[in-house]
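> What follows is a predicted protein model with its sequence.
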Amino acid sequence: MAEPRRNTEDEEARAWEELVATARRSVADGLVVGTSGNVSARVGDVVLVTPSGVPYDRLTPGDLTGVGLDGRQVRGTLVPTSELPMHLAVYRTTGARAVVHTHAVHATAVSALVPELPLVHYMAAALGGPVRVAPYATYGTDELAENMLRALAGRSGCLLQNHGTVTYGDTLDQAYDRTAQLEWMCRLWLVASSVPALTPSVLTEAQLAQAGERLRGYGQRR
């Protein structure tokens with residue numbers, strides 16, 4: 001009877017290794033500074049998550065931190081990220097297997113300017129449509145998690161007003177790629193809108209829908 005438990009432990013160990021690598025990548029790519037932002041991955045009914053206030057380069061396999069969907073800690077001894085309510089809200093309401101939250105500069109700047117990222121690029125379709133901005137609420141609160149869920153309706157990513165980004169996916173790679181794409185689109189809009197006397201053209205909903213159809217068939221077929 002020990003075999004299923006061993007398999008679960010191995011799966012969690014692999015997921016933790018990938019999670020730590022993703023967290024470190026977010027620092028290297030400039031999407032977070034220090035210990036800001038957080039990453040999580042779901043393995044069965046356990047959510048592995050970066051701990052609060054611990055530099056990512058110091059995390060080891062023995063620091064594995066996990067909670068149940070009810071928020072009760074079931075793995076490790078380090079205190080989970082303060083943004084745990086936000087991560088759990090995504091897992092409870094979607095089929096997500098991974099969540100990435102960052103304080104990316106351009107995305108955070110856009111979140112302080114508009115209620116929705118203008119459709120300056122068709123890759124918005126990869127996130128489900130126009131990217132909304134969740135109204136501001138104090139970090140780590142249920143209010144922020146609720147605001148985020150409303151902004152995420154029908155989307156796989158959103159901006160948090162005066163705060164940052166949240167994206168999710170079937171894998172950590174997918175969630176991270178969506179974060180990077182969102183930051184790039186925000187940077188694009190800021191650059192285009194900064195040209196004096198000119199207003200950036202934006203796509204229509206119909207044009208975005210057409211791009212979304214093509215994106216569904218993009219890449220190599222298995």
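Right, received. Where do you want to start?

> Which helix in the chain has the most residues?
If you go by DSSP state H, the chain has its longest helix at helix 2-28.

> Show me what that helix is packed against.
In terms of contacts (3 or more Cβ pairs under 8 Å, 6 or more residues apart in numbering; DSSP states H and E), helix 2-28 is packed against strand 38-43, strand 46-49, strand 98-102, helix 172-193. Glycine gets a C-beta too; all of them are placed from N, C-alpha and C.

> which one of the ones you listed is the most hemmed in?
Neighbour counts (mean count of other Cβ atoms under 10 Å) averaged over each of the helices and strands packed on helix 2-28 peak at strand 98-102, with a mean of 29.

> on that earlier part again, so can I have a markdown table of the helices and strands packed on helix 2-28 showing mean pLDDT and distance to residue 144?
Below are those laid out as a markdown table (pLDDT from 0 to 100; distance: least, Cβ to Cβ, whole Å):
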| stretch | mean pLDDT | distance to residue 144 |
| --- | --- | --- |
| strand 38-43 | 98 | 13 |
| strand 46-49 | 98 | 16 |
| strand 98-102 | 98 | 11 |
| helix 172-193 | 98 | 18 |
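
> would you list these in JSON lines and tack on distance to residue 125?
As requested, the helices and strands packed on helix 2-28 are exported to JSON lines (distance: least, Cβ to Cβ, whole Å):
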{"stretch": "strand 38-43", "distance to residue 125": "25"}
{"stretch": "strand 46-49", "distance to residue 125": "28"}
{"stretch": "strand 98-102", "distance to residue 125": "19"}
{"stretch": "helix 172-193", "distance to residue 125": "11"}
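
> What's the separation between residue 69 and residue 96?
12 Å (Cβ to Cβ, to the nearest Å).

> The two: which is more packed in?
Neighbour count, other Cβ atoms under 10 Å: between residue 69 and residue 96, residue 96 has more, with 23 against 12.

> which stretches of this structure have low pLDDT?
For the chain, applying pLDDT under 70 flags the ranges 1-5, 217-222.

> And for residue 203, nearest residue in space, chain neighbours not counted?
residue 119 (4.2 Å; Cβ to Cβ, 6 or more residues apart in numbering).
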